[in-house]
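Student: starting from these lines, generate the structure:
(2 chains)
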Amino acid sequence: MGQTMPGGGRLVAIRPVFHRRRRGAWPELSGSASIAGLHKTPSDLYQVTFSSRPFFSMSSIISISGVTKTYATGFKALKEINLDIERGEIFALLGPNGAGKTTLISIVCGIVNRSSGSVTVDGHDIGKDYRAARSLIGLVPQELTIDAFETVWATVNYSRGLFGKAPNKAFVEKVLRDLSLWDKKDAKAITLSGGMKRRLMIAKALSHEPRVLFLDEPTAGVDVELRQDMWAMVRRLREDGVTIILTTHYIEEAEAMADRVGVINKGEIILVEGKAELMRKLGRKQMTLELRAPLKALPDGLSRYALELSSDGGQLTYTYDNQSDRPGVASLIRDLEAAGLQYRDLDTKNSSLEEIFVNLLRQEP
Amino acid sequence: MNLRAVWAIYRVEMARAFRTVLQSIISPVISTSLYFVVFGSAIGSRITEIDGISYGAFIVPGLMMLSLLTQSISNASFAIYFPKFVGSIYELLSAPVSYLEIIIAYVGGAATKSIMLGLIILGTAALFVPLRIEHPFWMIAFLVLTAVTFSLFGFIIGIWAKTFEQLQLVPLLIVTPLTFLGGSFYSIHMLPGIWKTITLFNPVVYLISGFRWSFYGKADVSVGVSLGMTLVFLAACIAIVAWIFRTGYRLRN
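Tutor: As a prediction, the model looks like this:
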């Protein structure tokens, strides 16, 4: 099972031909072929079948292809989204308010109907094979939306049942203990603090052992301690092989957590890149020199560096990035010495993901 | 079939009924008792028998239907409207649950509650008036069929409603008047000519008539027509629910 076929298809089954096919029992047969390694098998005895479905199981766990969403009001929330989420990664989806982050998540999770396009979760189409697709997904929405009159214990077990999982008190207890909610198991949701409600939402999502976890703005309005706890939890989940997709306004969150970053703006994915790659490509560096003696004007020999001189003449700033064809730091330092400039201190800093993000959005028409 | 999901939803719905026992059970019992005091004893003592049945006993099936209709609608409409209102419906929509399973769970929960209530009212009525049930099978059949049909109707209202006001609008402005004018407290034979015809357009007439027949063997319209009309209304509700789910109307848009 799972062997890649010519043309991107996937080997589904090899069956003796005398097996009668029950109606609907082999749902995705799209053709027959002989394949290498099976040439000794008489083709009249065995039928080799493969699916035209692309093979995702090795890398992408979610594949979004040509997805659009136009609301009844005519508002185009998503304009043809194509995105693959790798198995086991932490993917951060960044974007300003109204960019389409929540709409995209809602479509993948089955909460909102898409206007066109297709989405598969671990190879299962979210429309035709919605049970298999949805049972793999846990969702923690942005809003704290819980039945206020249910107890913590009841509501988490309800979530597990809703996703078709057999009752498992020990597992639910572990989830609640991991999220520091065990002491509150008999408390009604209405009596919990905001932070605890957020933990409860996470517990509900984890109660049915998802392989993909969507966290929509998980740390909005959450104190620093809880945020750190959540980050630690997300890392633990990833170690267990859970794929995590988080949307966030807090760029530092994406910077601290994500393996890859996607930027969505006005319903379009404008960039998907490994975080380190993104910072390397688009990250800018800045070197600041504290001069021993203030300068009135830049010496001629340094004009090619486009240096910025502070108004008091005591500080020189050089901005550069990895992709620019500007000369490097080493030659600048040599030229500074050649020009007879002496400096007391030198400081360099990388631009943050936030600066990259803001710059990207500025470049958008 | 995700039976665990059906059971999970059903259990939550039933738990809410027992959590709000005062509102769900005790309040309808009190209001029904008041009907017996006012209509059965105070006014009923001045009314002679109808179709050979004492007035107090005559109104029992109508009162049960009155509660059954209003409670089925309010249970089911609230059950689906509340998660929509607070936003917790996201979980239901993102779960591996089919539309049929959602319907079975919510409508099953709402119908169970209203059937329990109907039987409690029957028990309460037995304390006030002598009762006989000539066709117990059909009594139960009408009870279940009506509860399921109007729970479905309530489910539709719950999905349609955008505000609490809209949630109350149909039960208050349509269902309650139709129930009062549907022969709960009188036989439609007591109405003057033209009203007798007009009242036949009221679907509740058929429900109450059929239900009363199962008690006393007497009906305003034939039992077959009563059953047929109930089934037509059930089919209409099923068709609307199917359309809602197919289009995602007010759920997935």
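Student: going by C-alpha atoms from here, please, whenever you check contacts or count neighbours.
Tutor: Fine.
Student: check contacts around residue 109.
Tutor: Picking chain A for this. Each residue near A:Cys109 by C-alpha atoms under 8 Å, 6 or more residues apart in numbering or on different chains is listed here: A:134, A:137, A:139, B:94.
Student: oops, chain B please
Tutor: B:10-11, B:13-14, B:76.
Student: quick check, nearest of the contacts of A:Cys109 to A:Gly340?
Tutor: A:Leu139 (61.4 Å; C-alpha to C-alpha).
Student: hang on, that closest one in a helix?
Tutor: No - read with DSSP: H, G, I helix; E, B strand; the rest coil, A:Leu139 is strand and lies in no helix.
Student: can you tell me the closest non-neighbouring residue to it?
Tutor: For A:Leu139, ignoring the flanking residues on the chain, the nearest one in space by C-alpha to C-alpha, 6 or more residues apart in numbering or on different chains is A:Phe214 at 4.8 Å.
Student: the helix or strand harbouring the one you found pairs with which strands, and in what direction?
Tutor: Using DSSP states H and E, A:Phe214 maps to strand A:212-216. According to DSSP bridges, strand A:212-216 forms sheet pairs with strand A:137-140 (parallel), strand A:243-248 (parallel).
Student: which of the ones you listed has the lowest mean pLDDT?
Tutor: Comparing mean pLDDT across the strands paired with strand A:212-216, the weakest is strand A:243-248, with a mean of 90.
Student: what comes up buried for the following helix or strand past that one?
Tutor: Where DSSP H and E defines the elements, the next helix or strand beyond strand A:243-248 is helix A:251-257. Neighbour-count burial for helix A:251-257 flags A:251, A:253-255, A:257 (criterion: 16 or more other C-alpha atoms under 10 Å in any protein chain shown).
Student: and helix A:251-257, what does it pack against?
Tutor: In terms of contacts (3 or more C-alpha pairs under 8 Å, 6 or more residues apart in numbering or on different chains; DSSP states H and E), helix A:251-257 is packed against strand A:90-94, helix A:353-363.
Student: give me that answer again for 10 Å
Tutor: Counting by 3 or more C-alpha pairs under 10 Å, 6 or more residues apart in numbering or on different chains; DSSP states H and E, the packing neighbours recorded for helix A:251-257 are strand A:90-94, helix A:224-239, strand A:243-248, strand A:260-265, helix A:275-282, helix A:353-363.
Student: hmm, back to that, and which of the contacts of A:Cys109 is nearest A:Thr102?
Tutor: Of all the contacts of A:Cys109, the one with the least separation from A:Thr102 (C-alpha to C-alpha) is A:Leu139, at 11.2 Å.
Student: any idea how far that closest one is from A:Pro218?
Tutor: From A:Leu139 across to A:Pro218, the span is 10 Å (C-alpha to C-alpha, to the nearest Å).
Student: overlap in contacts of those two?
Tutor: A:201-202 (C-alpha atoms under 10 Å, 6 or more residues apart in numbering or on different chains).
Student: of the contacts of B:Gly109, which is the most crowded?
Tutor: For the contacts of B:Gly109, the largest neighbour count, defined by other C-alpha atoms under 10 Å in any protein chain shown, is 31 neighbours, found at B:Ala76.
Student: tell me which residues of the strand or helix carrying that residue are tucked away?
Tutor: Assigned by DSSP H and E, B:Ala76 belongs to helix B:55-86. Residues of helix B:55-86 classed as buried: B:55-84 (neighbour count, 16+ other C-alpha under 10 Å).
Student: low-confidence regions, chain A specifically.
Tutor: Low-confidence segments of chain A, defined by pLDDT under 70: A:1-58, A:249, A:283, A:321-327, A:351-352, A:363-365.
Student: in JSON lines: the helices and strands packed on helix A:251-257, plus mean neighbour count.
Tutor: Conversion of those to JSON lines gives the following (neighbours: other C-alpha atoms under 10 Å in any protein chain shown):
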{"stretch": "strand A:90-94", "mean neighbour count": "25"}
{"stretch": "helix A:224-239", "mean neighbour count": "15"}
{"stretch": "strand A:243-248", "mean neighbour count": "24"}
{"stretch": "strand A:260-265", "mean neighbour count": "22"}
{"stretch": "helix A:275-282", "mean neighbour count": "17"}
{"stretch": "helix A:353-363", "mean neighbour count": "15"}
